[in-house]
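Asker: Give me a 3D structure for the following:
(2 chains)
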Amino acid sequence: MRGITLKKKNAPVLERIEITPPGTVVLPLIQHLGEPAEPTVKPGDKVKSGQLIAAAPTDRSVPLYSPLTGTVSALTTTFSSRGQETEAVVIEGTHTIPSKKTSADPGSLSPAQLTTALREAGLLGPGPFPSPLIRDLLAPEQAGSRPVKRIDTLLVSALDPEPSLGVNRYLAGIESEALGVGIASLKAVSGAEQVVIATDKNLPLPEPLRAIVAADEEETTRIVRLNGRRYPTGLPIPLIKAALVREVPLPYGRPRDVGVALCTVSAAVSLGETLLTGAPPVTTLLTVGGGALGKAGIVEVPLGTTIEDLVSALGGFVRQPAKLIVGGPLTGFAHYDPSVPLGKDAGGLFALTEQEITVVGSYRECINCGRCVAVCPVNLVPGMLSMYCAKDRFEEAAARGLFTCIECGCCDYVCPSRRPLVHLFRHAKHQLMEKEQ
Amino acid sequence: MTGPPDTTRLIVSMSPHVRGTLTVERMMGGMLLALVPAAGVGVYLFGLSALLSLLLAMATAVAVEAAIEILTKRELTVGDLHALVIGLLTALILPPTAAWWLIMTGAATAVILGKMLFGGLGAYPFNPPLVAWVVLKLSWPERMNSFVAPFTGERVLTPLMAFKEDPALFYSYDLWDLFLGKQAGGIGMVCGLAIVIGGLYLLVRGIIRWHIPVAFLLGVGLFAWIMHTINVDLYPPVGFHLAGGGVLLGALFLAPEPVTSPVTPKGMLAFGLLAGILTMILRMWGSDPDGTFYAILVMNAATPLFNYLAPRAYGRWERA
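Answerer: As a prediction, the model looks like this:
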């Protein structure tokens, strides 16, 4: 797998930090690729923790639940974690763990019942720009009228999208009944014949995963060890290649096209907990770090906690931040507004100081060194593409594979001319898509 | 931290937000450092006048580049050290006897005709020092062919020139002597050991990639070995071809020059291999004793073609 290997010091701190939950959350109605959810509450309504506040009209969106017990104070607009402008529900109150409903034994549920549970849990797929998990995971029998291809392998990622994030690796190392229940349910829902769990070989093999493999009497579960310091191995399409040696047909293909359903350990754990407790997930785990924050580790926050609330709960900035990044340093989204909420698609919060980032002002011409070619995980010639994009020759870039680019940023990382390649590619894609409409 | 953090002055840009440490400046600085052994040995062998030649070439290259950029009202780029590299390499491939005006003409030609006319770093199709070398060679062939023996300054032929005169003469050379620099040649071309040390440094630091040097040396070596096997008396052994002339400097410093070489791994391998074979063809049957520089220039012209040897884009089964 082509890519870059990051140094050990970039690895996340896999220790939990406890914080005081905030009194206000902002829940964007869209936190993923697809369509927004439709609010079922209006300002002034009293809500309980775990209560539905926005419903998903199709499988292209996910339902939202209140993480607080309190009052809906407003409907507003905000940016989502990944920079989409969206409507949002503002709730004031106190965070409580949703009360348990009576729940059936997950093992006794039929695939159709599990599908309903998965739909109601509102989970997202893998990667920095996730889609609703339910879209890419259902077996043909569960997908209703939508014709879909059959899935033969469920790939569970205990790797993180990028080496600096750590939620999946953290969760894989924690003993919990939920992970096993989640994986078994996802297997049933997807109709997969085998389960492959991709883990980080730089860490000791997590005991809970070993137990899950040992518990599978039919021997349809196995573990693949990959290098978690290697990037972009943790991103969906390279991960499928690295773990299963299957190539998703880019540019428009999905994992299902090669018979794969991909989910993260955190999604599996959330589903497992939902099935065990009967209460939907209302919190999310984030990797926090960066020199401007005093602490680094894994933190559980109610969905919709704003950046500033989380920062103050972590003790505030200890240095002047130059960039506030939601997600990881390689694929994250830089925000200028600390009141942006952290949604299901956040994954991390990094407050980087000026010394930690590379400020790219003017950049040089490509010097043809070919380092981008050596690292591109989808075998493009990024340098040449970037020259076309910078000269507004977008069609020629598209003919040479612009839309195959997965925007991992490896080419940016290694470029000695400091060319903003991902920026140029996104600009070109945007221009071409606008022209098409 | 003094005062509360200011969250109204945050930088916004596209990902990735962190980058590697290799920059053009570092690459060029590394090139200069890697050339120090070869230049040092050259100065040791040919005296202080060689040092003056090197300094004059570097100063000329920087001055010419700066002058052009000031005249054309462009951003000054001499800070990226590339002009220094061009100047140094140009001087290293000139004979130690080169007059001051020959050196200055060479360095200026390399910068003007080789680099700036095409738009500066990243845009030129041919290796600038080699462009200068060809211009000088065609304009002043006598001066470009007057080589001297190390230390003594006595006028002698280079091993390859001697071989051209009489193929049997190659037996009079000790290969280790050649490799250690006891031969006539360009200031920086005589000591193979120093060049290899510099080249290894470049490889270890990742400033050049292994594909072109390995393929180039393989092309030269295989060709020489086959010819030597066919007729031991007529064709010199592999070591003679590697240590004599510009093969090592070409393989490690000139051919892998990023701007004028291919970007794809397969393209690099083909580029290097063909450049090596072409070098040998020119040496065996060409009119010039050393074909290395011509071979590299010819392959530079073909670089866009080698870039078609791109890896298959992911998920696509047919050629784009």
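Asker: burial count for residue A:399?
Answerer: 11 (other C-beta atoms under 10 Å in any protein chain shown). Heads up, the C-betas are built off the backbone N, CA and C, glycines and all.
Asker: wait, I meant residue A:345
Answerer: 25.
Asker: likewise residue A:232?
Answerer: So residue A:232, with other C-beta under 10 Å, has 30 neighbours.
Asker: Contact partners for it?
Answerer: Shown in contact with residue A:232 (C-beta atoms under 8 Å, 6 or more residues apart in numbering or on different chains): A:3, A:161-162, A:238, A:330, A:377, A:406, A:408, A:410.
Asker: could you redo the last one with a cut-off of 7 Å?
Answerer: If a contact means C-beta atoms under 7 Å, 6 or more residues apart in numbering or on different chains, then residue A:232 has A:3, A:238, A:377, A:408, A:410 as its contacts.
Asker: Output the set of residues of chain B in proximity to chain A.
Answerer: B:1, B:5-7, B:10-20, B:22-24, B:27, B:121-123, B:258-259, B:263-265, B:310-315, B:320 (C-beta under 7 Å from any C-beta of the partner chain).
Asker: What parts of the stretch 251-400 of chain A come near chain B?
Answerer: Residues of the stretch 251-400 of chain A lying near chain B (C-beta under 7 Å from any C-beta): A:253, A:317-325, A:329-332, A:334, A:336, A:338, A:352, A:356-360, A:364-370, A:373-374, A:378-381, A:383, A:399-400.
Asker: what ranges of the stretch 1-150 of chain B fall below the confidence cut-off?
Answerer: Scanning the stretch 1-150 of chain B with the threshold set as pLDDT under 70 gives B:1-4.
Asker: what ranges do the helices span in it?
Answerer: With DSSP state H, counting those that start in this stretch as the criterion, the stretch 1-150 of chain B has helices at B:24-46, B:48-71, B:82-92, B:100-109, B:128-139, B:141-144.
Asker: ok, residues contacting the fifth one?
Answerer: Judged by C-beta under 7 Å, 6+ apart, the contacts made with helix B:128-139 from elsewhere in the structure are B:86, B:89-90, B:93, B:102, B:105-107, B:109-111, B:113-115, B:144, B:254, B:293, B:296-297.
Asker: Convert the helix or strand containing residue A:87 to PDB, retaining C-alpha atoms only.
Answerer: In the assignment (DSSP states H and E), residue A:87 maps to strand A:85-95. Taking Å, rounded to 0.1, in the frame of the first residue of the first chain, the C-alpha atoms of strand A:85-95 are listed here in PDB:
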ATOM      1  CA  GLU A  85     -24.100  24.900   6.600                       C
ATOM      2  CA  THR A  86     -27.200  23.400   8.200                       C
ATOM      3  CA  GLU A  87     -30.100  24.000  10.500                       C
ATOM      4  CA  ALA A  88     -29.600  22.900  14.000                       C
ATOM      5  CA  VAL A  89     -31.700  22.300  17.200                       C
ATOM      6  CA  VAL A  90     -30.400  24.000  20.300                       C
ATOM      7  CA  ILE A  91     -31.200  22.300  23.600                       C
ATOM      8  CA  GLU A  92     -30.400  23.600  27.100                       C
ATOM      9  CA  GLY A  93     -30.500  21.300  30.100                       C
ATOM     10  CA  THR A  94     -28.400  18.700  31.900                       C
ATOM     11  CA  HIS A  95     -26.800  15.600  30.400                       C
END
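Asker: ok now stretch A:173-193, how far from the chain's centre?
Answerer: Here stretch A:173-193 is found 18 Å from its chain centre; the criterion is C-alpha atoms, centre = their mean, to the nearest Å.
Asker: Apologies, that question was intended for stretch A:100-115.
Answerer: 26 Å.
Asker: one step back: max pairwise distance over the contacts of residue A:232: which two?
Answerer: With C-beta to C-beta as the measure, no two of those lie farther apart than A:238 and A:410, at 9.8 Å.
Asker: Now do the shared contacts for the two.
Answerer: Shared contacts of residue A:238 and residue A:410, counting by C-beta under 7 Å, 6+ apart, come down to A:232, A:377.
Asker: Of the two, give the one with the bigger neighbour count.
Answerer: residue A:410 (28 against 24).
Asker: Skipping adjacent residues, who's closest to that one in space?
Answerer: residue A:375 (4.2 Å; C-beta to C-beta, 6 or more residues apart in numbering or on different chains).
Asker: Likewise for residue A:384?
Answerer: Nearest to residue A:384 is residue A:400, by C-beta to C-beta, 6+ apart, at 6.7 Å.
Asker: Please report how far that neighbour lies from residue A:4.
Answerer: Separation of residue A:400 from residue A:4 (C-beta to C-beta, to the nearest Å): 22 Å.
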